[in-house]
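Engineer: Need a 3D model of the sequence below.
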Amino acid sequence: MHLRTRLPQVLFVLACVCMAGVPAFAESRGTFYALMLDPNGSEARELNDPGWGFGAEVAIPLISTREIVALEAGFDMGNLDSGTSEATDPGGGLLTVFTTSQDYYRIFGGAEVGGRSEARVRPHAGLQLALVRQEISTIFFDPGSGLSGVVGSESSTRLGYGLSGGVGIRITEKTSIDGGMRYLKGFGIEIPTQDGSTTTVRPDYLQLYLGITRRYKWPE
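Structural biologist: Sure, this is the predicted structure:
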């Protein structure tokens, strides 16, 4: 059985086991961050250029692991800059410009290791399972005639996963600056092609993020 088919079950079992260790007065953290989403690999780069977005997440440490492991959940979203390609008609020599635009939304949950120490520098790494929604549209423009229109528009919701690594730098007792990188992979999405049909791709992305983290206890 492939890893991608077993990953949801593995994360679900881990979440059920870990929830038993969530303390009533855990010192948790909430992070709000800005992000850059960079298409990685040929399939993703053919669709779009890098874009920008934002997100937020919450992490709850497990007292049974001495707060080394934490459960995390959050969301992020981004708009990738349009990718442009050109096509010519060999017979008439007409030039057509195709532009692809993509919106990317992700709701995720998983586990994080590290980042719970009292040191000024707190490294951390994590694994997340995500519900990913991508909305992709392709339009055309004929500079000669001025004609334009929509070739196709597709939206798709798929499972995906992410691997993350980052570091938090404490600036006050409860506040830190947090930054890092995530590798994001989706299990497949249908996109419109220039001839009006659709094709399935499995793009992956590198996400760079930088934000502010606030540590708190619940309930106070």
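Engineer: in this structure, which spans are strands?
Structural biologist: 27-40, 48-61, 69-88, 95-114, 121-141, 148-170, 175-186, 189-192, 198-201, 204-217 (DSSP state E).
Engineer: if you compare those, which one is most tucked away?
Structural biologist: Of the strands of the chain, the one with the most neighbours on average (mean count of other C-beta atoms under 10 Å) is strand 189-192, at a mean of 21. (Glycine included, C-beta is placed from N, CA and C.)
Engineer: Lowest average pLDDT across the strands of the chain?
Structural biologist: The weakest mean pLDDT among the strands of the chain belongs to strand 189-192, with a mean of 59.
Engineer: which residues does the closest residue to residue 171 other than its chain neighbours form a beta bridge with?
Structural biologist: Spatial nearest neighbour of residue 171, chain neighbours left out: residue 177 (6.2 Å); criterion: C-beta to C-beta, 6 or more residues apart in numbering. The residues paired with residue 177 through beta bridges, assigned by DSSP bridges, are residue 169, residue 212.
Engineer: How much space separates residue 177 from residue 212?
Structural biologist: According to C-beta to C-beta, to the nearest Å, residue 177 and residue 212 sit 6 Å apart.
Engineer: For the nearest residue to residue 53 once chain neighbours are set aside, which residues count as its bridge partners?
Structural biologist: Of all residues not flanking residue 53 in the chain, residue 78 sits nearest, at 2.8 Å (C-beta to C-beta, 6+ apart). Here residue 78 sits in beta bridges with residue 53, residue 104, going by DSSP bridges.
Engineer: Relative to residue 161, how far out is residue 78?
Structural biologist: From residue 78 across to residue 161, the span is 17 Å (C-beta to C-beta).
Engineer: same question, residue 205
Structural biologist: Distance, residue 205 to residue 161, by C-beta to C-beta: 12 Å.
Engineer: Overlap of the contact sets of these two?
Structural biologist: 184, 185 (C-beta atoms under 8 Å, 6 or more residues apart in numbering).
Engineer: Residue 167 is in contact with the residue nearest to residue 171, correct?
Structural biologist: No: Residue 177 is beyond contact range of residue 167, at 9.2 Å (criterion: C-beta atoms under 8 Å).
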